[in-house]
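**Q** What follows is a predicted structure for the sequence shown.
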Amino acid sequence: SQSVELRFEKLGVKHIFLGIEDKVASFSEFLRLSGLDESQVLYMGDDIPDLKVMKQLPIAACPADAATEIKSVSAYVSGNRGGKGCVRDVIEQVLRVHGKWI
C-alpha cells in the first residue's frame, strides 16, 4: 500500500519492492541496485512465495505465524507475529549479535 511505501521512505529504505510476484527476480534486482551480495543480507519472509529466496541465503528469519515451510528454512523465528513487532525483534537480534544494541 502507499502508506507502507511512505513509511519505508521515511525510514530511509532506498529500494522498495511491493506487490511482487517473482521474488527471486526482484531479489536479484535488489542485489544489483544495492551492490550487496547474498552473504550480506538477512531476508525475512512469512509465506511460500518467499521460500526460494530464503533457501538461497545463508541466513533467513520469519515471524511466529509464518508458514511451516518458511519456519523450517529460517535461522531465526521471532516470538512475535507478523505486524506485531517481529521486524523490530529481528533488527534487535542482529544489533545484539554485532554488539551495537543500546
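**A** Noted; the coordinates are in hand.
**Q** Could you report the neighbour count for residue 50?
**A** Using other Cβ atoms under 10 Å, residue 50 is surrounded by 23 other residues. Bear in mind the C-beta positions are built from the backbone N, C-alpha and C, glycine included.
**Q** what's across from the residue nearest the centre of the chain in the sheet?
**A** For the chain, the residue nearest the mean C-alpha position is residue 44 (2.7 Å; Cα atoms, centre = their mean). For residue 44, the beta-bridge partners are residue 61 (DSSP bridges).
**Q** Just the buried residues of stretch 40-59, please?
**A** 41, 43, 44, 45, 46, 50, 51, 53, 54, 57 (16 or more other Cβ atoms under 10 Å).
**Q** Revised request: answer the last question for stretch 91-102.
**A** Buried residues in stretch 91-102, counting neighbours by 16+ other Cβ under 10 Å, are absent.
**Q** Quick check: mean pLDDT of that stretch?
**A** In this model, stretch 91-102 has a mean pLDDT of 95.
**Q** Let me know the closest of the buried residues of stretch 40-59 to residue 27.
**A** Nearest to residue 27 out of the buried residues of stretch 40-59 is residue 53 (Cβ to Cβ; 4.8 Å).
**Q** I figured the closest one hits residue 22, correct?
**A** No: taking Cβ atoms under 8 Å as the definition, residue 53 is not a contact partner of residue 22, at 10.0 Å.
**Q** Give me the below-cutoff pLDDT ranges for this protein.
**A** By pLDDT under 70, the chain contains no weakly predicted segment.
**Q** Recalculate using a threshold of 90.
**A** Per-residue confidence for the chain (pLDDT under 90) gives these ranges: 1-5, 7-8, 11, 18-19.
**Q** Is it correct that residue 95 falls within a helix?
**A** Yes: when DSSP: H, G, I helix; E, B strand; the rest coil is applied, residue 95 is found to be in a helix.
**Q** what's the closest non-adjacent residue to it?
**A** Using Cβ to Cβ, 6 or more residues apart in numbering and skipping the chain neighbours, the partner closest in space to residue 95 is residue 101 (4.2 Å).
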